[in-house]
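Dropping a prediction and its sequence here:
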Amino acid sequence: MTADSALDLDALRSRVARAVDDVRASAPLAPAITNAITMDFVANAQLAVGGSAAMVYLPEEAVALAQAGGAFYVNMGALLPTHRESIPAAARACRDLGRPWVLDPVGIGIGGLRGAVLDELAACGPAIVRANASEVIALAQAWGAADAVAGTGRVRGVDSADAVDDAARAAAALARRTDGAVAVSGEDDLVTDGRVAVRVAGGSPLMARVTGFGCSLGGVAAVYAAVADPLTAAVAASAHYAAAGTAAEARAAGPASFKVAFIDALFNLTAAEIAANPLTIEEVRS
Ligand SMILES: Nc1ncnc2c1ncn2[C@@H]1O[C@H](COP(=O)(O)OP(=O)(O)OP(=O)(O)O)[C@@H](O)[C@H]1O
Ligand SMILES: Cc1ncsc1CCO
Ligand SMILES: [Mg+2]
């Protein structure tokens, strides 16, 4: 491994620290179509890391914000009829503008509308897919990116039924299919561009006891995608979340106070502290 190799961990940490500084210096707008359950958490997390938030429902407004923003976030958590038009419209606008966008295919497999929308998104190349293990496996299968995968890809509502390691092959295949990055969340996160796999440790089990940590992580990944390449942006978001989760756990009495301490930690951690979060990097063997 050489000093300037893509596998060089010090270089990756430097890119993460620079992304943190760049977001705080430029406050990029990362507009979102996202679910109403966790919308408040998504917007507040985007603001706490230094970005800017704006949520819309309507197709025309989604296209306008795709033009105005540095990157766009699409979260399919709880679909309404308008999302049949607005989500593909936003994704197509981003593709045509060359604007990075982030997809969280929450609850893939529930009902028919999600499948119809995801079929249209397959041609729009998300810069980052951010999801839990079962959702990553299911999306890789839906988009024809993985023939033989471990795990079930069966989502239990919006929670994962699979471990992060079970989604590793599907994530790498999906990243090669989208020519972007895929971030699988869980106890340790796995971020891959199909060539390298970065593991992000740290965080807290309390992050799974509050709804919206994954949704808001996707919104923060979009903020970082406005200033950095997809792999760096996804690692920066996961490392920022893990470091903030570790810090917040030390102050929390339970899930509610943990969420408050977590948003404070997103805001207060230094770029060096975020870049120092436990990371490993390895080559993907296909
Ligand atoms: N046991 C754990 N230990 C450390 N970090 C965790 C743990 N469980 C989840 N996390 C972290 O919580 C965040 C969200 O991951 P999770 O897999 O719970 O997302 P999700 O299921 O999509 O969440 P949601 O749909 O509720 O928004 C990630 O940053 C992940 O690293
Ligand atoms: C609980 C829940 N239901 C639909 S979306 C969502 C937020 C976590 O994904
Ligand atoms: Mg989720």
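Cool, the structure landed. Numbers count the residues shown, from 1 in each chain. Ligands and ions are numbered 1, 2, ... in the order given.

now the closest residue to ligand 2 within the chain, nearest residue through space, not along the chain?
Of the residues in the chain, the one nearest ligand 2 is residue 77, at a distance of 2.8 Å by C-beta to the nearest ligand atom. For every residue, glycine as well, the C-beta is placed using N, CA and C. Nearest in space to residue 77, with sequence neighbours left out and distances taken as C-beta to C-beta, 6 or more residues apart in numbering, is residue 35 at 2.9 Å.

name the element that neighbour belongs to?
Assigned by DSSP states H and E, residue 35 falls within no helix or strand.

Can you get me a residue count around the residue of the chain found nearest ligand 3?
Residue nearest to ligand 3 within the chain (C-beta to the ion): residue 214, separated by 3.4 Å. Look at residue 214: counted by other C-beta atoms under 10 Å, it has 25 neighbours.

Same check on residue 8?
14.

Identify the residues contacting residue 63.
89, 90, 93 (C-beta atoms under 8 Å, 6 or more residues apart in numbering).

Report how many residues lie close to the last one.
By the other C-beta under 10 Å criterion, the neighbourhood of residue 93 contains 20 residues.

Could you find the closest non-adjacent residue to it?
Using C-beta to C-beta, 6+ apart and skipping the chain neighbours, the partner closest in space to residue 93 is residue 66 (3.9 Å).

any idea how far residue 82 is from the one you found?
16 Å (C-beta to C-beta, to the nearest Å).

Say whether ligand 1 is contacted by the lengthiest helix in the chain.
What stands out as the longest helix in the chain, according to DSSP state H, is helix 230-249. Yes - using C-beta under 6 Å from any ligand atom, helix 230-249 reaches ligand 1 at 238, 241, 242, 245.

Also compute the angle for the helix or strand following that helix relative to helix 230-249, please.
The helix or strand immediately downstream of helix 230-249 is helix 255-268, counting by DSSP H and E. Per axes from the mean of the first three to the mean of the last three C-alpha atoms, to 10 degrees, the angle that helix 255-268 makes with helix 230-249 is 130 degrees.

Going along the chain, name the strands of this structure.
Counting by DSSP state E, one finds strands in the chain at the ranges 32-33, 72-75, 101-104, 128-132, 181-185, 189-192, 196-200, 279-283.

which one of those strands lies closest to residue 256?
strand 181-185 (21.0 Å; C-beta to C-beta).

The closest residue to residue 159 other than its chain neighbours: neighbouring residues, count only.
Using C-beta to C-beta, 6+ apart and skipping residues adjacent in sequence, the residue nearest residue 159 is residue 132, 7.1 Å away. By other C-beta under 10 Å, 23 other residues sit near residue 132.

for residue 132, what are its contacts?
By C-beta under 8 Å, 6+ apart, the neighbours of residue 132 are 155, 159, 160, 162, 184, 185, 186, 214.

Excluding chain neighbours, what is closest to the third one?
By that I understand residue 160. Nearest to residue 160 is residue 132, by C-beta to C-beta, 6+ apart, at 3.7 Å.

Which pLDDT value belongs to that neighbour?
Note on residue 132: pLDDT of 95.

Would you mind measuring from it to residue 219?
Per C-beta to C-beta, residue 132 is found 15 Å from residue 219.

Ok, residue 59 next?
Note on residue 59: its distance to residue 219, by C-beta to C-beta, is 20 Å.

quick one, which of those two is more surrounded?
Shown here are residue 59 and residue 219; by other C-beta under 10 Å, residue 219 has more neighbours (32 against 19).
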